[in-house]
Structures are given as structure tokens and as C-alpha cells.
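Undergrad: kindly generate the corresponding structure for this input.
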Amino acid sequence: MEIAKIVEGLWGSKWSPSVDLEPDNMCETFLLEHSHLVADRFPENSFYLDRFPLQIKDQSAFEKVNIFFDKTVDDPNLLSLYLREEEKFKQVLRKLWVYNSVWIETALPSVNEEIVVDTLNSDTQKIRAKEIHSQLKASGSNSMKLANLHDFEILVELGLREKVSTVFIFENMKICVWSNFDFSLPVYSKDEKYTQLLHRICTTEEIFLRPLND
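TA: Sure thing, here's the model as predicted:
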């Protein structure tokens, strides 16, 4: 299976996250549900894309500053703030897309189509999202190569809005980013030179690439 080879190529070894699963833990994904296992195995190569430079450990303080898409439903005044923050993450991921072959492993096939459609804004996005949803379901797969920027942006938006979990694998740079974790996205980056490049991109877009253990 091609996605298995792509994932294996991230580490430069034959290790797979499934190797570190508990014996009774059955999982059908190669990478999507395993950001924690990757971080445990490669802590020096693990980071977060985040709105904040350090982890906020005071839960009360975090709740006061946290913003997520569904929160804007209850308070429409937050929508403009949310969209500004969302765009920063989109810009970082777009810049990675430009320089890479991009693969995804996604929960999209198992998500209700109406939830997907209701989350997106434009009719063009809605139509295309339904097509991708149907394509993956028909193939029995939860992975694909994203050569089209429009398709990529749809999956990014659904992830950032916490409706569809997706891991984006930037094959050339050996970077992967997991969506659907508020605005704190787990990252694996194998090579220091690309980690530094990602750091510069984040600084330009006014978000942070913070270490796993800060």
C-alpha cells in the first residue's frame, strides 16, 4: 500500500507507529491516530504549530483565550477573530504544500457528509468535498495524494474547524502535521534544515513552532 511506504520514508527506518501500540489496541490507520506515538519515539523532532509560544498549563487561563470554530456559533462576534487566526495556519500549510508532494490520511470517509458540507462556506468547496468523500468511500481507502491546492485547502479547513481529523504528510521535506487539535497542531519534522525553514515561515505568519517539551 503506497501510504505505508510514504509513512515509512518519514523516519528513514522500517519503524511504524503500530509497532508501539498496546497488543490489544486495534487500529486501522498508519499515522492519523498516532501523533503521540511519533512524539514519544522522536521527541527532538516533534513540535506544535501554536498560537502561543509556550504551552498554557493553567486551564482556566487557556479557556479564556482559546478560540475554535464552534465557539463562533454561540458568539458570532468571535468569527472575524477566528478567521484571522485560521488564515495564519492556512498560510503556513500552503507554503509547505508548494514545495512538496502532499499525502493525507484522513477520517473524512467516516464523517457524516452533511457535517462536512455545513462546515464549508463556498458552494464550490461543498461540491468538491462531497466528491472527495464519495471517492474515498468508494475506494475503501482513507488516504490519497493531494496534487490540487483547492482539495488541500478543503481538508485543511475541515481539520482546523475540528470536523475532520487529517494528517498531512509533506513528503519531500519529511514533515507531517496533524489537524483537529484546536489551534495547537502536532508536527513531526525529520531534518533540521526544514525545521528551521518551518520556524521562519511560522514567524512570518505570526504563529509559533514550539517544542514538544517547553
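Undergrad: any regions of the chain where pLDDT drops low?
TA: Residue ranges of the chain with pLDDT under 70: 1, 18, 20-27.
Undergrad: for the residue lying closest to Val65 once chain neighbours are set aside, grab the count of nearby residues.
TA: In space, and not counting its chain neighbours, Val65 is closest to Ile56: 7.3 Å by CB to CB, 6 or more residues apart in numbering. Bear in mind the C-beta positions are built from the backbone N, C-alpha and C, glycine included. Using other CB atoms under 10 Å, Ile56 has 16 neighbouring residues.
Undergrad: helices or strands next to the host helix or strand of Leu79 in the packing?
TA: Taking DSSP states H and E as the definition, Leu79 sits inside helix 79-98. Contact here means 3 or more CB pairs under 8 Å, 6 or more residues apart in numbering; DSSP states H and E; on that basis helix 79-98 packs against helix 71-74, helix 149-160, strand 166-170, strand 175-178, helix 192-204.
Undergrad: in TSV, list those along with mean neighbour count and distance to Ser35.
TA: Written out in TSV, the entries for these read as follows (neighbours: other CB atoms under 10 Å; distance: least, CB to CB, whole Å):
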stretch	mean neighbour count	distance to Ser35
helix 71-74	12	23
helix 149-160	20	13
strand 166-170	25	7
strand 175-178	24	5
helix 192-204	15	16
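Undergrad: with distance to Glu86 added, can I get these in TSV?
TA: What follows is these, written out as TSV (distance: least, CB to CB, whole Å):
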stretch	distance to Glu86
helix 71-74	10
helix 149-160	5
strand 166-170	15
strand 175-178	14
helix 192-204	15
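Undergrad: show me the contacts for Phe208.
TA: Applying CB atoms under 8 Å, 6 or more residues apart in numbering to Phe208 gives the contacts 48-53, 202.
Undergrad: which of these fall within strands?
TA: Secondary structure defined by DSSP state E assigns 48-50 of those to strands.
Undergrad: next, Thr124: secondary structure please.
TA: Per DSSP: H, G, I helix; E, B strand; the rest coil, the local secondary structure of Thr124 is helix.
Undergrad: so what's the residue count around it?
TA: For Thr124, the neighbour count with other CB under 10 Å is 11.
Undergrad: same check, this time on Tyr82
TA: In terms of burial, Tyr82 registers 19 neighbours under the definition other CB under 10 Å.
Undergrad: ok, it - contacts?
TA: Applying CB under 8 Å, 6+ apart, we find Tyr82 in contact with 67-69, 71-72.
Undergrad: re earlier: nearest to Phe168, of the ones in strands among the contacts of Phe208?
TA: Proximity of these to Phe168 (CB to CB) peaks at Leu49, which lies at 11.1 Å.
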